[in-house]
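J.: take this sequence and fold it.
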Amino acid sequence: MIKRIFTWLMLLVTAGCAAAWASTPPPPVNQNLGMPDGVFNSMTMDICGSCHFNPDTAPAPVKQGYLPDRHHLRVDTPIGEYSASPFPEKSQDGTHKCITCHAVDWVVDPSRPLGGYFKFALEPSEPEFRNCLTCHQQKAGVASVHHLTAKAQAAECNACHGSLINDPNGELWMLKVIPSMSPNPGFGDGDFGDTGHRRGGCRYCHNGGTDDVTGRVVPGPNANMMTHHGTGLGQPGSGTVHTCALCHDATPPDHTLQGCVRCHAPTSLHSIQADSDGDGVAGSYEEQPFFGHIGTSFDCMGCHMGGSATPASVRMAAADAAPLFGPLLPKIEQISTAKLIEGVPSTLLLTGAGYLVVTDNNNIATKVVLTAVDSGNPPLEIVPENVAFTTMEVQIPPTLLPGNYSVSAVNGMMASVPVNLVITPAVKINSVSCGSGTVTVNGSGFSRYLDAVGSGTGVFDIDASEQCTIKSWTGTNIVADCGSVVDGSIRVDSVFGSATAAVEGCKSSGRPRWWEIWSWWSSWSWSRR
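T.: All right, here's what the predicted structure looks like:
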């Protein structure tokens, strides 16, 4: 206790000359977890790409993975109410198809065998071909593209944000369980700090300003109101199903923190802490201020010093004596690869923080949970190997089916913000049979065929350097007409890769085929009339 008070006093004395953290005191507070403070409802293609095209250098945590693979794996999965498919009416069975996302036109060309061919309405080489905002709609200036999704409309906020927030649909924390925060700590009685806001209120640390370290500008004033309202949730004209009651229990300005604790309460707040001094332990008394909620007394006072008639000295002692609420919230900064191939054993290296937490009772090692995004299969829990505070290795079983998976690091009940892992089908040719130029290919991983120029799908006669005409195509069987002579190798091009195989027994005998004889005789007989 004495050591902690001494540490807190020393931090106050040295705060003015410290340069390893942001504004001292904030706002804005350092945010090493989750999304940076900001409003994301006026996106452009370039802004989308700054995060999603290269997740390794993204300024915000985004799901990794080659975007076309992630989208192509949605084929034959249900089109939901809030699906981003721009042409859902083109699906006959209510599932995603190639043409529910990619518009194709029929081009008349008498020189072609069918009298024409399909062509993408937008050329794949054009930037607009994969403009995120063509499918993922936003209400510019009102609602963000991220919060018009099905999960956001169901208030499943923790599905994307992890345990940075509580489950809004689960146990609701009432103010009566947080007496030191009631009523209305953001506006009630309490000591004013250097930020102009009362200690004990969220705005003491979380408000507008410029981060002295990163230079990032957090919009203000009223940063929390702007960032939350900027999602569009509960906002008129946003297209959301929610009302103000999602967060507010009364009409402003009489509302209290009742709404805030639906998402931000001890179960999440007391588990947020960064290892600010890099000693491999997060949550120690020596942590620098403004990197979490449980590291130093200075941060504890952010909530426990205001909004109560209890003397500050008593509140401070109570905060110091309180144990940590639970295991720290882990985070995933990077995974060694975001794409694996079906049937191949793989080792995944996760880099981040909070993977090995030392407590007074026992050491908590993080587990990894894989959840299939587009199926109802139960999550798969894997115990990793070689766990350290900032790294861990996990063996991905080769039996996982192709699809999109969310990967979370879990400490007890605390789950990280998930990242995306793609497992693509293995494109394989098991057998090839042939008769008079008609090639039948059996295998796996062929996915869907899109009869359009530049689609990247098809069968190619390698030796003749010609594209074969597709008669039928399924995920495991292809029948193609490759002409009268096929003697060498063919290549199957799938959206997930390519495979080649030797073809034997297809070489023409040199004699005309029966339909060629019929065609000649028919032409000759008509010419004689």
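
J.: quick one, domains of this structure?
T.: As assigned by automatic domain parsing, the chain contains the domains 1-43+138-326, 45-137, 331-424, 428-506.

J.: give the contact list for Thr391.
T.: By CB atoms under 8 Å, 6 or more residues apart in numbering, the contact set of Thr391 is 349-352, 355. (C-beta placed from N, C-alpha, C; glycine too.)

J.: and the residues you listed as a markdown table, adding neighbour count, distance to Gly458 and pLDDT?
T.: Shown next, in a markdown table, are the contacts of Thr391 (neighbours: other CB atoms under 10 Å; distance: CB to CB, whole Å; pLDDT from 0 to 100):
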| residue | neighbour count | distance to Gly458 | pLDDT |
| --- | --- | --- | --- |
| Leu349 | 14 | 36 | 95 |
| Leu350 | 25 | 38 | 93 |
| Thr351 | 14 | 39 | 92 |
| Gly352 | 21 | 42 | 90 |
| Tyr355 | 26 | 45 | 87 |
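
J.: residues of stretch 152-162 that come out buried?
T.: In terms of neighbour count (16 or more other CB atoms under 10 Å), stretch 152-162 has its buried residues at 152-153, 155, 157-162.

J.: nope, stretch 441-456 is what I was after
T.: By neighbour count on 16+ other CB under 10 Å, the buried set for stretch 441-456 is 441, 443-450, 452, 455.

J.: ok, back up a step: now the weakest link among the domains of the chain, please, by mean pLDDT.
T.: Among these, domain 1-43+138-326 carries the lowest mean pLDDT, a mean of 70.

J.: identify the farthest-apart pair in the buried residues of stretch 152-162.
T.: Gln153 and Gly162 (18.9 Å; CB to CB).

J.: quick one: the helices in this protein, in order.
T.: For the chain, helices defined by DSSP state H occupy the ranges 2-14, 45-52, 67-72, 132-135, 150-153, 158-161, 223-229, 260-263, 266-269, 297-304, 312-321, 514-527.

J.: for the third one, what is the distance to the chain centroid?
T.: Per CA atoms, centre = their mean, to the nearest Å, the displacement of helix 67-72 from the mean C-alpha position of its chain is 13 Å.

J.: output the contacting helices and strands for that helix.
T.: Here helix 67-72 touches strand 419-424, going by 3 or more CB pairs under 8 Å, 6 or more residues apart in numbering; DSSP states H and E.

J.: so what strands line up beside the strand it packs on?
T.: Within its sheet, strand 419-424 is paired with strand 339-341 (parallel), strand 403-411 (antiparallel), according to DSSP bridges.

J.: most tightly packed of these?
T.: Comparing those by mean neighbour count (mean count of other CB atoms under 10 Å), strand 403-411 ranks first with a mean of 22.

J.: returning to what we had before: and which of the buried residues of stretch 152-162 is nearest to Asp211?
T.: His161 (20.6 Å).

J.: isn't that closest one right up against Val417?
T.: Yes - His161 lies in contact with Val417 (CB atoms under 8 Å); the separation is 6.1 Å.

J.: need the overlap of contacts for the two.
T.: Both His161 and Val417 are contacted by Gly34, under the criterion CB under 8 Å, 6+ apart.

J.: any idea what Ile429 is bridged to?
T.: Partner residues in beta bridges with Ile429, using DSSP bridges, are Gly443.

J.: Lys331 too?
T.: Applying DSSP bridges to Lys331 yields these beta-bridge partners: Ala353.

J.: for it, what are its contacts?
T.: When contacts are counted by CB under 8 Å, 6+ apart, Lys331 touches 32-33, 352-354, 409, 416-417.

J.: measure it to Gly162 for me?
T.: For Lys331, the distance to Gly162 equals 8 Å [CB to CB, to the nearest Å].

J.: name the residues contacting each of those two.
T.: In terms of CB under 8 Å, 6+ apart, Lys331 and Gly162 are both contacted by the residues 416-417.

J.: how near is Met414 to Met35?
T.: From Met414 to Met35 the distance is 17 Å (CB to CB).

J.: follow-up on the earlier one: distance to Ser238 added to the strands paired with strand 419-424, as TSV?
T.: Formatted as TSV, those follow (distance: least, CB to CB, whole Å):
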stretch	distance to Ser238
strand 339-341	35
strand 403-411	26
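
J.: looking at these, which is closest to Val241?
T.: Val241 lies closest to strand 403-411 among the strands paired with strand 419-424, at 23.4 Å (CB to CB).

J.: put the alpha carbons of the closest one into CSV.
T.: C-alpha atoms of strand 403-411 as CSV (Å, rounded to 0.1, in the frame of the first residue of the first chain):
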residue,chain,number,x,y,z
GLY,A,403,-14.0,-20.8,-45.0
ASN,A,404,-13.5,-17.6,-43.1
TYR,A,405,-12.6,-17.9,-39.5
SER,A,406,-12.3,-15.3,-36.8
VAL,A,407,-9.3,-15.8,-34.5
SER,A,408,-9.4,-14.6,-30.9
ALA,A,409,-6.9,-14.8,-28.1
VAL,A,410,-8.8,-15.6,-24.8
ASN,A,411,-7.7,-15.2,-21.2
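
J.: just give me how far that strand sits from the chain centre.
T.: With CA atoms, centre = their mean, you get 10 Å for strand 403-411.

J.: tell me the spacing between the nearest residue to Cys98 once chain neighbours are set aside and Ser85.
T.: What sits nearest to Cys98 in space, not counting adjacent residues and going by CB to CB, 6 or more residues apart in numbering, is Leu450, at 4.2 Å. Taking CB to CB as the measure, Leu450 falls 15 Å from Ser85.

J.: repeat for Asn411
T.: As defined by CB to CB, Asn411 lies at a distance of 37 Å from Ser85.

J.: next: Phe389.
T.: 42 Å.

J.: please apply the same query to Phe298.
T.: For Phe298, the distance to Ser85 (CB to CB) stands at 50 Å.

J.: with Met414 instead?
T.: In this view, Met414 and Ser85 are 35 Å apart by CB to CB.

J.: ok, the two, which is more surrounded?
T.: More crowded of Met414 and Ser85, by other CB atoms under 10 Å: Met414, with 25 against 19.
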